[in-house]
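Q: Any chance you can model this:
(one chain, ligands or ions: 2)
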Amino acid sequence: MRDREHVIRNNNAFGIQEEIATKVLTDGPEDIEKAAEIIRGGGLVAFPTETVYGLGADALDVLAVSKIYRAKGRPSDNPMIVHIADRGMLSELAAEVTPDMEKLMDAFWPGPMTMIVKRLPVVPDVTTGGLDTVGVRFPSNPVAQALIKAAGCPIAAPSANLSGKPSPTTSAHVINDMMGRVDAIIESSDCEHGIESTVIDMTGVIPIVLRPGVITRTMMSEVLGKKVKLDPALNARVGENFQPRSPGMKYKHYAPQAEMRIYAGEEAKVRETIESEASKLRAAGQTVKVIAFDDEVSAAHDLFALLRAADKENVDVILAAALPEEGLGFSVMNRMLKSAGYNIINV
Ligand code: TXA
Ligand code: MG
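A: Ligands and ions are numbered 1, 2, ... in the order given. Modelled structure (predicted):
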């Protein structure tokens, strides 16, 4: 453990002041053992995965999992993803393992894919938000795998951000959000992918993508040899007046503090429009950040970090160029649209 501890005063459920000392751990074997001990003892540990950092607790321990909601400030009906470190752990959580699930596991596990499956009673309501299903993921990140193995239990982990903030893709992001709120943070490398895992509902005959990610619908459809549907609400478009379709869509899941606008259309036109908008806004005294990516992979990797940087720099307006909504571009646009509160302008 590094010689660094942080203590803040925290309100518990009864409004009583409580102190949480957050240990900052390395990703070496000794510290992973310490982190595993914390998990086994019902504590909270933030850890790296290949997608984003997660905030973990023993998935089968009701009290431990309920602490996650408090640390994040997250609504308690939002279910968590349960992380496992070998395929055998799935059959301890899932009521059935179908041939389609086997095919997806063969192709994409360990990796950035979460399968929604019917749960066994051992998985508590607090972990699934009361649903009769559970999301399960086998991450490829070696530190995540070592932690789960050492803890000896499945680990429930949402992204390790404060609710409403962009998911953390570096340990600095986690330290920023979670110091004083959790028992330990494992400091490790930046996340390889930068957007959260693909969530695929495997409980029906036709699999449905609930959250797009690095593993795309086409990739899964090819492996399964059948159709995979997209949840129709994904990347929903708003009318020309840019009003959200429903009040629920107003909720900005990954919101920066700045106003964010996405410009879509022919590339040169988009660039031109963003440049002229930026100079107008700057002339009016606004701080502007322009986001334009070279490719989808770096877009996924950098998006959340850029949104967090905009907050740090007190940016007033973010002007972003849309990506083509195919493959990974579709997944990144899903995050960008949420960040912008569906504020997309066709030029
Ligand atoms: O990449 C990831 O998935 C990261 C890392 C830490 O593994 N985790 C993550 O967790 O993004 P979280 O809690 O931020 O997002 C989980 C998503 C939510 O949209 C949640 O509603 C959905 O998965 N989900 C989880 N369990 C579900 C279930 N049983 N049915 C439907 N959706 C579920
Ligand atoms: Mg999240």
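
Q: For this structure, which residues score under the pLDDT cut-off?
A: For the chain, the stretches flagged by pLDDT under 70 are 1-19, 237-253.

Q: got the residues of the stretch 101-250 of the chain near ligand 1?
A: Counting by CB under 6 Å from any ligand atom, the stretch 101-250 of the chain comes close to ligand 1 at 114, 116, 128, 131, 133-135, 137, 157-159, 196-197, 199, 210-211. Bear in mind the C-beta positions are built from the backbone N, C-alpha and C, glycine included.

Q: In helices only, show me those.
A: residue 128 (DSSP state H).

Q: Closest one of the residues of the stretch 101-250 of the chain next to ligand 1 to residue 258?
A: Checking these against residue 258 by CB to CB gives residue 159 as the nearest, at 20.5 Å.

Q: Residue 86 contacts residue 152, correct?
A: No - in this structure residue 86 lies outside contact range of residue 152 using CB atoms under 8 Å: 11.7 Å.

Q: Tell me where the stretch 51-200 of the chain has strands.
A: 54-58, 81-83, 113-118, 133-137, 155-156, 184-186, 198-201 (DSSP state E, counting those that start in this stretch).

Q: Redo those strands as CSV? Include mean neighbour count.
A: Formatted as CSV, the strands of the stretch 51-200 of the chain follow (neighbours: other CB atoms under 10 Å):
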stretch, mean neighbour count
strand 54-58, 29
strand 81-83, 27
strand 113-118, 23
strand 133-137, 26
strand 155-156, 28
strand 184-186, 26
strand 198-201, 24
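
Q: of these, which approaches residue 255 most closely?
A: Evaluated over the strands of the stretch 51-200 of the chain, closeness to residue 255 peaks at strand 54-58, with 18.9 Å, by CB to CB.

Q: Restricting to C-alpha, output the closest one in CSV.
A: Output of strand 54-58 as CSV, limited to C-alpha atoms (Å, rounded to 0.1, in the frame of the first residue of the first chain):
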residue,chain,number,x,y,z
GLY,A,54,-15.6,-0.5,-11.3
LEU,A,55,-16.7,-0.1,-7.7
GLY,A,56,-16.8,-3.6,-6.3
ALA,A,57,-18.4,-5.4,-3.4
ASP,A,58,-19.2,-9.1,-2.6
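
Q: Just want the angle from it to strand 133-137.
A: Using axes from the mean of the first three to the mean of the last three CA atoms, to 10 degrees, one finds that strand 54-58 and strand 133-137 are set 120 degrees apart in direction.

Q: Please state the offset of strand 54-58 from the chain centre?
A: Here the centre of strand 54-58 is set off from its chain's centre by 13 Å, with CA atoms, centre = their mean, to the nearest Å.
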